[in-house]
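Colleague: when you get a sec, could you give me coordinates for this:
(chains A and B)
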Amino acid sequence: MSILVDENTKLIVQGITGREGSFHTRQMLEYGTKVVAGVTPGKGGQTCEGVPVFNTVREAAEATGANATILFVPARFTMDGICEAMDAEIPLIVTIAEHVPVQDMMNVYHMKKERNCTIIGPNSFGIISPGKSKAGFMAHRIFSQGGVALMSRSATNCYETVQMLTQNGIGQSTCIGVGGDMIPGSTFAELLPALQEDEQTKAIVLIGEIGGNEEELAAAYIREHVTKPVVALIAGKNAPRGKSMGHAGAIISADGTGSAASKERSLREAGVSIAESTAEIVGLLKKLL
Amino acid sequence: MKLMEYQARECFERYGVPVMKGVVVDDPSKVREKVKALTFPVVVKAQVQIGGRGKAGGIRFAETVEEAEEISAELLHRELRGLMVDRLMIVEKAAGIQECYLSIVLDRSAKCPCIIFSAKGGVDIEETASKEPEAIVRTQIDPFVGVRRYMASYLLSRTGLPLELADSLFDLLKNLYRFFVESDAMLAEINPLLICEGNSLLALDGKVDVDDSALYRQPQLLPYGEAVRREELAAEAQKYGLLYISVDGEGDIGVVSNGSGMLMSSMDLISGAGMTVGAVMDLGGGAAADKIKEAVRIMFLNRKLRYLFLNIFGGITRCDEVVRGVLAGLDGIPPESTLILRLEGTNKEKGLAMLAEAGDSVISVDGLAAGVEALRGRRNGK
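Modeller: This is a model prediction of the structure:
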């Protein structure tokens, strides 16, 4: 099965005619993703990489029956793009831009609760269900199909882990870039139920980092509801306090909230195996699978 | 971006949050002229972002113009706990009944703004939180509803303060929240918030943290950024869209990577191996050759660094661009220094082939663990 994206995903690319949009549309098409439409206001009627372009998301969705969208638009247009996709009732919205204002995401987060849609990102590499489809900019060659689902706040730590998994013959069901911002469209805890349900997924890897308390909330959910083995890595143990480490969300506050120690403790208490490094994840999974 | 106190005060004033009358001076000879408009006694406050500013002598009281001049001359353009004092704020001394604490902060777990209030102000809220957690009251604001009057009554009732203050607290909350939203703030803190005669309130000190990602739509705040003293190398890096973060003053290892996650993982492994990272740099995604060249140059401006680990796992970043940048920047690497390069991902082979040109000046490693091993080997070899 896998979750969120698969061979039935019909994807819109918002911002398809831009430099990154067109480049990654080509990459996604090569991977097998069904990119059915692009959106760039003012360029409706053209084609880009063989994909029809529309002026608005609603027109693109009506013409193609699209059921997902990815935004290759700059941060300052991200909120508008998400609202447009929500208005067009697209059930899955993937956002990759870095530096989206946090109050924009705060409002988006509360809007999505009123509507039946899933938002992934921002500051994310997207989603890939290896062998089926990808909606994102990840270097897809390192991924392979299998039974391990992966959620990560960091793209680079996800790549590092996936490459080692693939080299060791451990394939992946779905890999999700939760994103590095303070307020993600979907949190670890919100994604866990689908992974627990998914038949293809045999084990779950959670790559968190310092800052916030989403790992603690995930731990609380895992303790009550997840029966599959979970391995977690928390990056940033040695980061200095009070400094954002590049990801807007990766900051330990002055009172110590968001520390790696608190996250690891909560996860351990929920029965999660903690890896000290990306390299250790493979060994732990081999024991658990 | 963290605003200076005088900047926060200006913002509060603009939004109708009550503040004391005051002036900003950057020249001791101008003090006499500037304080004419004020009623003495006054408070002279050094504008530097340090903790314990009062204890460090950065907050002083003056009864007369002469005294204000004297204190200003002592404080201005001198260092206070390592930071240069470029400006002073001189405000009228307030008389009040009780000091409270009030802030609106973006609550990450609830994903909405949250009001934090305490009848015990004047000290760090973290301190109150650890010593007397029951003295702190919180209430969340639904972003689609905003501040309501009952919130003021709730905060007062829970902290045992007279409900007669509800009108002025509600007014202040509305104004502060409007500022918070319109300025893309993540924190707007008033501490102390002074309760005065006649149920009025006064903001005596302010802390504001604005979301850097939203500065593009806050043109009125941009000039404020120029007044904030930044670490020299961080400021230099910022010019090129790079993020420089100092970690440990004693560390001799620098780490540069194309992602925050990889940076943190590298630091964790290096520290785990008993070595000390001095500074790190995030290139962000998709850095081209010229940016890589600047990154290497800026890292080695930190004279403590002897080893630089450039750890790239390219998705949107291309390895050949990285190598092109490294080759262009080879001259900038000081003698006796080591550059270790780990390449993975997009265009890795192309990058590795180009790297042959660099000869012995760059150590190429395969994998994150191999990079840390190489660091250890080189440091032990000397």
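Colleague: can you map out the strands along chain A?
Modeller: Here chain A has its strands, by DSSP state E, at A:10-14, A:34-39, A:47-48, A:51-54, A:68-71, A:92-95, A:118-120, A:126-129, A:133-136, A:145-152, A:172-177, A:203-209, A:230-235, A:273-275.
Colleague: among those, which comes closest to chain B?
Modeller: For the strands of chain A, the distance to chain B is smallest for strand A:230-235, at 3.9 Å, taking CB to the nearest CB. Heads up, the C-betas are built off the backbone N, CA and C, glycines and all.
Colleague: coming back round to it: let's have the strands of chain A in TSV, adding mean neighbour count.
Modeller: Conversion of these to TSV gives the following (neighbours: other CB atoms under 10 Å in any protein chain shown):
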stretch	mean neighbour count
strand A:10-14	27
strand A:34-39	24
strand A:47-48	16
strand A:51-54	21
strand A:68-71	29
strand A:92-95	28
strand A:118-120	23
strand A:126-129	27
strand A:133-136	26
strand A:145-152	23
strand A:172-177	28
strand A:203-209	27
strand A:230-235	27
strand A:273-275	19
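Colleague: next, format those as TSV and append distance to chain B and mean pLDDT.
Modeller: Below are the strands of chain A laid out as TSV (distance: least, CB to the nearest CB, whole Å; pLDDT from 0 to 100):
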stretch	distance to chain B	mean pLDDT
strand A:10-14	16	98
strand A:34-39	18	98
strand A:47-48	19	97
strand A:51-54	21	98
strand A:68-71	14	98
strand A:92-95	13	98
strand A:118-120	12	98
strand A:126-129	10	98
strand A:133-136	9	97
strand A:145-152	7	98
strand A:172-177	10	98
strand A:203-209	6	97
strand A:230-235	4	97
strand A:273-275	11	97
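Colleague: closest to residue B:149 out of those?
Modeller: Proximity to residue B:149 (CB to CB) singles out strand A:118-120 among the strands of chain A, at 33.2 Å.
Colleague: name the residues that touch that closest one?
Modeller: The contact list for strand A:118-120 (CB atoms under 8 Å, 6 or more residues apart in numbering or on different chains) reads A:4, A:82, A:91-95, A:108-109, A:112, A:126-127, A:176-179, A:184-186.
Colleague: list the contacts of the closest residue to residue B:197 other than its chain neighbours.
Modeller: Excluding the flanking residues, the one nearest residue B:197 by CB to CB, 6 or more residues apart in numbering or on different chains is residue B:97, at 7.0 Å. For residue B:97, the contact set (CB under 8 Å, 6+ apart) comprises B:194-197.
Colleague: distance of residue B:97 relative to residue A:270?
Modeller: 48 Å (CB to CB, to the nearest Å).
Colleague: and what of residue B:213?
Modeller: 32 Å.
Colleague: one more: residue B:108?
Modeller: Here the distance between residue B:108 and residue A:270 works out to 20 Å (CB to CB).
Colleague: out of residue B:213 and residue A:270, which sits in the more crowded spot?
Modeller: Taking neighbours as other CB atoms under 10 Å in any protein chain shown, residue B:213 and residue A:270 compare with residue B:213 leading, 24 against 18.
Colleague: tell me the secondary structure at the more buried one.
Modeller: Three-state call for residue B:213 (DSSP: H, G, I helix; E, B strand; the rest coil): helix.
Colleague: ok, of the contacts of residue B:97, which one's closest to chain A?
Modeller: When the contacts of residue B:97 are ranked by distance to chain A (CB to the nearest CB), residue B:194 comes first, at 23.7 Å.
Colleague: over to the residue of chain B found nearest chain A: give its phi and psi.
Modeller: Chain B approaches chain A most closely through residue B:261 (2.1 Å), counting by CB to the nearest CB. Dihedral pair for residue B:261: phi -60, psi -50, per degrees, to the nearest 10.
Colleague: circling back: can you list the contacts of residue B:97 in TSV and add distance to residue A:200 and pLDDT?
Modeller: Compiled in TSV, the contacts of residue B:97 are given as follows (distance: CB to CB, whole Å; pLDDT from 0 to 100):
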residue	distance to residue A:200	pLDDT
B:194	61	97
B:195	61	97
B:196	65	96
B:197	70	94
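Colleague: related to what we said a few turns ago, confidence score at the residue of chain B closest to chain A?
Modeller: On the pLDDT scale, residue B:261 is placed at 92.
Colleague: the spatially closest residue to it that is not a sequence neighbour - how many residues pack around it?
Modeller: Distances taken as CB to CB, 6+ apart put residue A:154 closest to residue B:261, at 2.1 Å, once the chain neighbours are dropped. Using other CB under 10 Å, residue A:154 has 32 neighbouring residues.
Colleague: what of the one 3 residues further on?
Modeller: By other CB under 10 Å, the residues close to residue A:157 number 28.
Colleague: do the same with residue B:234
Modeller: For residue B:234, the count of nearby residues is 16 (other CB under 10 Å).
Colleague: for residue A:89, what are its contacts?
Modeller: When contacts are taken as CB under 8 Å, 6+ apart, residue A:89 is in contact with A:61, A:115, A:117.
Colleague: would a markdown table of these with neighbour count and distance to chain B be doable?
Modeller: Below are these laid out as a markdown table (neighbours: other CB atoms under 10 Å in any protein chain shown; distance: CB to the nearest CB, whole Å):
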| residue | neighbour count | distance to chain B |
| --- | --- | --- |
| A:61 | 22 | 26 |
| A:115 | 11 | 13 |
| A:117 | 18 | 16 |
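Colleague: narrow those to those in helices?
Modeller: residue A:61 (DSSP state H).
Colleague: which one of the contacts of residue A:89 is nearest residue B:9?
Modeller: For these, the nearest to residue B:9 is residue A:115 (41.1 Å; CB to CB).
Colleague: can you check what pLDDT the model gives that closest one?
Modeller: 90.
Colleague: what's near enough to touch it?
Modeller: A:86, A:89.
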